[in-house]
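> Return a 3D structure for these sequence lines:
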Amino acid sequence: MSGPVLVGVDGSTTSLAAVEAAAREADRLGVELRLAHAFAWPTAHVPPGVPPWDPAGNGAPGPARSALTEAERRARDAAPDLRVTHTVLMGEPAAVLETESRGASLTVVGSRSARRSAGTRSGSVAVRLAAHGGSPVLMVRGRPDPAGPVVLAGDHGHIGREAAEFAFAEASARGTDVMVLNGFDTREGRQPDRPEDTLAALRKEYPDVTVRRPRVRGGTRRAVVAASTRAQLVVIATRGRGGFTSALPTRVSRAALRHADCPVAVIHAGEETA
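The predicted structure follows:
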């Protein structure tokens, strides 16, 4: 996919960290960066003639324009030659980002919004995007270890080509290894897949990347969260999408998005990422 890297902007520290990560991803993929600010403007108060989206940001209040200006500055510091566009979207952040993500190569969000309600869990926007969005999602969180590996794991022990390729491309760009965690699904009693063919092909494509496959006893959920404390990035391969009553169909994805100590990417089978 050649669509932009989309990143949610709300002016918070975590969203600015997401902008910097998104800029680097857009530069790696060779696509533009699209900054999106979601403004919850009640319909009854929308001035006449103002659409439910505002690409130029002219109808947005001052704080929204300021957030986008600072985000663009951070993005250009991270990737000076990057093409950056921005938009202001009217509506609940997760809902409008979900819609916008359908044309994106990757959607990037921070671990929490500065405007989240007291009852909202950290990572809930990313969980919704991972379940229902139209692109892979990257949530920027935790304190990544700059010397650590890229961790690759799969829901139900399945590791798809798309997620594996994303992990290898990231590891190559970062000059690090890929650590594959592929254990049992203890809850459903499933054996893990054996992705040897996929990994062998990617080793040839990325000869600079070393693959490490430590033994995982039991399920991968705890192993992924533990490994995230010493990793630069966690990449989760997942199959299918859950219903709206279940934000994600598996425990591994939810655990990584909510508890990992480094950024987490969730890649669905069948999605093109690079």
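
> now the strands for the stretch 51-200 of the chain?
For the stretch 51-200 of the chain, the strands identified by DSSP state E, counting those that start in this stretch occupy 53-54, 84-90, 106-110, 137-140, 150-154, 178-181, in order along the chain.

> Dump these to JSON lines, plus mean neighbour count.
(Glycine included, C-beta is placed from N, CA and C.) Supplementary listing: the strands of the stretch 51-200 of the chain in JSON lines, determined by neighbours: other C-beta atoms under 10 Å:
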{"stretch": "strand 53-54", "mean neighbour count": "18"}
{"stretch": "strand 84-90", "mean neighbour count": "20"}
{"stretch": "strand 106-110", "mean neighbour count": "30"}
{"stretch": "strand 137-140", "mean neighbour count": "28"}
{"stretch": "strand 150-154", "mean neighbour count": "29"}
{"stretch": "strand 178-181", "mean neighbour count": "24"}
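
> Between those strands, which one is closest to residue 66.
Distances from residue 66 to each of these were compared by C-beta to C-beta, and the smallest falls on strand 84-90, at 12.1 Å.

> before we move on, the earlier item: any chance of the strands of the stretch 51-200 of the chain in TSV, with mean pLDDT and distance to residue 258 too?
Supplementary listing: the strands of the stretch 51-200 of the chain in TSV, determined by pLDDT from 0 to 100; distance: least, C-beta to C-beta, whole Å:
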stretch	mean pLDDT	distance to residue 258
strand 53-54	50	30
strand 84-90	88	25
strand 106-110	95	13
strand 137-140	95	9
strand 150-154	94	15
strand 178-181	96	17
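
> Minimum distance to residue 13: which of these has it?
Of all those, strand 106-110 comes closest under C-beta to C-beta, at 8.0 Å.

> tell me which helix or strand of this protein sits lowest on mean pLDDT?
Taking mean pLDDT, DSSP states H and E as the measure, strand 53-54 is the helix or strand of the chain with the lowest mean score, a mean of 50.

> these two touch, right, residue 258 and residue 125?
No - with contact defined as C-beta atoms under 8 Å, residue 258 and residue 125 do not form a contacting pair (11.7 Å).

> More neighbours: the two, which one.
Neighbours were tallied for residue 258 and for residue 125 using other C-beta atoms under 10 Å; the higher tally belongs to residue 125 (29 against 18).

> which residue sits closest to that one, ignoring its sequence neighbours?
Ranked by C-beta to C-beta, 6 or more residues apart in numbering and with sequence neighbours excluded, the top spatial neighbour of residue 125 is residue 94, at 4.6 Å.

> what residues are up against the one you found?
When contacts are counted by C-beta atoms under 8 Å, 6 or more residues apart in numbering, residue 94 is found next to 124-125, 128-129.

> Looking at these, which is nearest residue 108?
Set against residue 108, the nearest of the contacts of residue 94 by C-beta to C-beta is residue 129 (9.7 Å).

> Secondary structure element for the closest residue to residue 163 other than its chain neighbours, which one?
Once flanking residues are discounted, residue 163 sits nearest to residue 237: 3.3 Å by C-beta to C-beta, 6+ apart. In the assignment (DSSP states H and E), residue 237 maps to strand 233-238.

> That strand pairs with which strands?
Applying DSSP bridges, strand 233-238 is found paired with strand 150-154 (parallel), strand 264-268 (parallel).

> Against residue 14, how distant is residue 165?
With distances taken as C-beta to C-beta, to the nearest Å, residue 165 is found 27 Å from residue 14.

> repeat for residue 144
When distances are taken as C-beta to C-beta, residue 144 and residue 14 turn out to be 14 Å apart.

> cool, residue 234 as well?
Relative to residue 14, residue 234 is positioned 17 Å away (criterion: C-beta to C-beta).
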